[in-house]
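**Q** Dropping the sequence and predicted coords here.
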Amino acid sequence: MTGPHGAAFSGRVGWGASPALVVVDMVRAYTEPDGPFALPDPGPALAACVELVEAARAGARPVLWTQVRYAADLSDGGLFVRKVPALAAFADGADGDWGAIAAPLAPAAGDVVVTKQYASAFAGTSAAATLHARRVDTVVVCGVSTSGCVRATATDALTHGFAPQVVGAACADRTPALHSANLADLDAKYADVVEVAEAVERLRGR
């Protein structure tokens, strides 16, 4: 397979035997039209995430959710909150409850909810240890945004020894071009970009 960077790239990491679903930052800040990070068309990605969560539950696969949360004074935000000032919407006590998981998605008993301060689900969190303890070898990544937290999570998943499978239609970004370019780059270098149907089948264990 030849991708945008030529024949030297675009190998396949493939699927392992024990996948988990990682739902990245699918929260109200991105899905509500007046949210601080509102996306122009989050509906299709949100619907695809619902389908993936249902498949993971049907297959008794682990589901890990990420949310962003900061101290009220942003003291745990480091340079990230300086670079992206709108992250203050995720501070304790901020108006809007923008960090809440977007309906109709909702964590269930037995799911893992990871609170993070940086883009990747793995940066400074227990996500890798939790998934390794459950013998997970593959992470199915969905959520927002493609160029930001999804990309960072998929890249770090590879670093931590998980086979990242990014479900392109279950992710969203600010423009189609930005979304597509980042999926192409991920598929070339750090992850396999897969269709919803393939991910659903694997999560269900078929």
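**A** The structure has been received and is ready for your questions.
**Q** mean confidence score for stretch 64-84?
**A** Averaging pLDDT along stretch 64-84 yields 97.
**Q** Val84 and Arg174: what is the separation?
**A** 13 Å (Cβ to Cβ, to the nearest Å). Where you see a C-beta, it was placed from the backbone N, CA and C, and this is true even at glycine.
**Q** and the two? which has more neighbours close in?
**A** Arg174 (17 against 14; other Cβ atoms under 10 Å).
**Q** Which helix or which strand is home to the more buried one?
**A** Under the criterion DSSP states H and E, no helix or strand holds Arg174.
**Q** who's in contact with it?
**A** Residues counted as contacts of Arg174 (Cβ atoms under 8 Å, 6 or more residues apart in numbering) are Leu39, Pro40, Ser145.
**Q** so where's the protein uncertain?
**A** Residue ranges of the chain with pLDDT under 70: 1-2, 206.
**Q** give the contact list for Thr159.
**A** So Thr159 contacts Phe122 (Cβ under 8 Å, 6+ apart).
**Q** Kindly state the beta-bridge partners for the residue positioned nearest the centre of the chain.
**A** Note on the chain: the residue nearest the mean C-alpha position is Val24, at 2.8 Å, using Cα atoms, centre = their mean. On the basis of DSSP bridges, Val24 is bridged to Gly143.
**Q** got it, and Gly6?
**A** Note on Gly6: beta-bridge partners by DSSP bridges are Gly3.
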